[in-house]
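1. Provided below for reference: sequence and predicted model.
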Amino acid sequence: MDIVNLGTWVLGFLLGLAILLFILRIVLTWYPQVDLNRFPFNVVAWPTEPFLIPVRKIVPPLGGVDISPIIWVGICTLLREILLGQQGILTMALR
């Protein structure tokens, strides 16, 4: 395994992990009584919060629902597909 393949594997793993964390963050928004500073919820909240804060400033909650994690799921999924999908930039460059 060369360095380029390792880099694409790591990038795919990190984007997949980010998607999973943002999906879990969406689920946590259904339970407003959950304390996000307590374990195990802080494992999901702390890595995602720096990404959600700027989006919340641009896109306000719709009907009281925070849609910033949904936006980030879309961004991460799009990046993963554009870079690592079947016809992604990095996939095509490695062929």
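-> All right, it came through fine.
2. A45: neighbouring residues, count only.
-> When neighbours are defined as other C-beta atoms under 10 Å, A45 has 19 of them. No exception for glycine: its C-beta is placed from N, CA and C like everyone else's.
3. by contact count, what packs against the strand or helix carrying it?
-> Element membership of A45 [criterion: DSSP states H and E] is helix 41-58. Using 3 or more C-beta pairs under 8 Å, 6 or more residues apart in numbering; DSSP states H and E as the contact test, the elements touching helix 41-58 are helix 3-28, helix 68-84.
4. okay if I get these as a markdown table plus distance to P50 and mean pLDDT?
-> Supplementary listing: the helices and strands packed on helix 41-58 in a markdown table, determined by distance: least, C-beta to C-beta, whole Å; pLDDT from 0 to 100:
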| stretch | distance to P50 | mean pLDDT |
| --- | --- | --- |
| helix 3-28 | 12 | 92 |
| helix 68-84 | 11 | 95 |
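5. Need the ones you listed in CSV (columns: mean neighbour count and distance to V43).
-> Conversion of these to CSV gives the following (neighbours: other C-beta atoms under 10 Å; distance: least, C-beta to C-beta, whole Å):
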stretch, mean neighbour count, distance to V43
helix 3-28, 15, 9
helix 68-84, 17, 15
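6. so can I have JSON lines of the ones you listed showing distance to D35?
-> Compiled in JSON lines, the helices and strands packed on helix 41-58 are given as follows (distance: least, C-beta to C-beta, whole Å):
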{"stretch": "helix 3-28", "distance to D35": "10"}
{"stretch": "helix 68-84", "distance to D35": "18"}
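7. Minimum distance to V34: which of these has it?
-> Each of the helices and strands packed on helix 41-58 has some distance to V34 by C-beta to C-beta; the shortest is helix 3-28, at 5.8 Å.
8. And the closest one, how far out from the chain middle?
-> On the basis of C-alpha atoms, centre = their mean, to the nearest Å, helix 3-28 is displaced by 7 Å from the centre of the chain it belongs to.
9. Am I right that P61 is in contact with I70?
-> No - contact criterion C-beta atoms under 8 Å: P61 and I70 do not qualify, at 11.4 Å.
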